[in-house]
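[1] Could you look at this predicted model? Sequence included:
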Amino acid sequence: MQDIFKINTFSISDYIQRVNETHLPTSLTLEFSKRQRACYFLFWACYSMRLDTAAFNELLGEKLEKLYGMELLLCRILGLLKKENGGYRLTDNGAYLYHKIEQAYTTAYIDKSWNISRLQPFPEKIILR
């Protein structure tokens, strides 16, 4: 599912009903471009404080440095990342900034999506702005 991200319904009873009817219990489907998939990978990889270039290359079929060379260089110059063991590690400043961004993203997008999904087992669509 390189280009598709699916979220199952939050409703346990609707989930069970869908499975019993041999339907996927998917409530939301997002179509990802390669760049969006890469961003999603990097966003969640930062939780571990390390960007694993081998895992990125395996998932995306391209080198991290090819897609994000300028961004990685800028982050290293600004002291947000350090090159380490064939990958990158977030510095303390990088981790601080990442968590500030992650909190804003969670509030603006994830919380909104989950609240709607909690109230509607299969929303037709969710518009994030």
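    Yes, it's here.
[2] any idea which element the residue positioned nearest the centre of the chain lies in?
    The centre of the chain sits closest to Y40, judged by Cα atoms, centre = their mean, with a distance of 2.9 Å. Per DSSP states H and E: Y40 is located in helix 34-45.
[3] tell me what that helix is packed against?
    The contact analysis (3 or more Cβ pairs under 8 Å, 6 or more residues apart in numbering; DSSP states H and E) places helix 34-45 against helix 53-60, helix 64-77. (Glycine included, C-beta is placed from N, CA and C.)
[4] what about the chain, any weak spots by pLDDT?
    1-2 (pLDDT under 70).
[5] Pop the domain breakdown of it in here.
    For the chain, automatic domain parsing gives the domain ranges 1-31, 36-114.
[6] Which residues in the helix holding Y40 does the neighbour count mark as buried?
    37-38, 41-42, 45 (16 or more other Cβ atoms under 10 Å).
[7] What's the first helix or strand after that helix?
    Taking DSSP H and E, what comes next after helix 34-45 is strand 50-51.
[8] and that following strand, which strands flank it?
    strand 87-90 (antiparallel) (DSSP bridges).
[9] residues making contact with the strand it pairs with?
    46, 49-54, 72, 75-76, 80-82, 98 (Cβ atoms under 8 Å, 6 or more residues apart in numbering).
[10] From the residues you listed, keep the buried residues only.
    The buried subset of those - by 16+ other Cβ under 10 Å - is 46, 50-53, 72, 75, 80-81, 98.
[11] Adding distance to F122, write these out as JSON lines.
    Shown next, in JSON lines, are those (distance: Cβ to Cβ, whole Å):
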{"residue": "C46", "distance to F122": "31"}
{"residue": "R50", "distance to F122": "37"}
{"residue": "L51", "distance to F122": "35"}
{"residue": "D52", "distance to F122": "35"}
{"residue": "T53", "distance to F122": "38"}
{"residue": "L72", "distance to F122": "39"}
{"residue": "C75", "distance to F122": "39"}
{"residue": "L80", "distance to F122": "40"}
{"residue": "L81", "distance to F122": "40"}
{"residue": "Y98", "distance to F122": "33"}
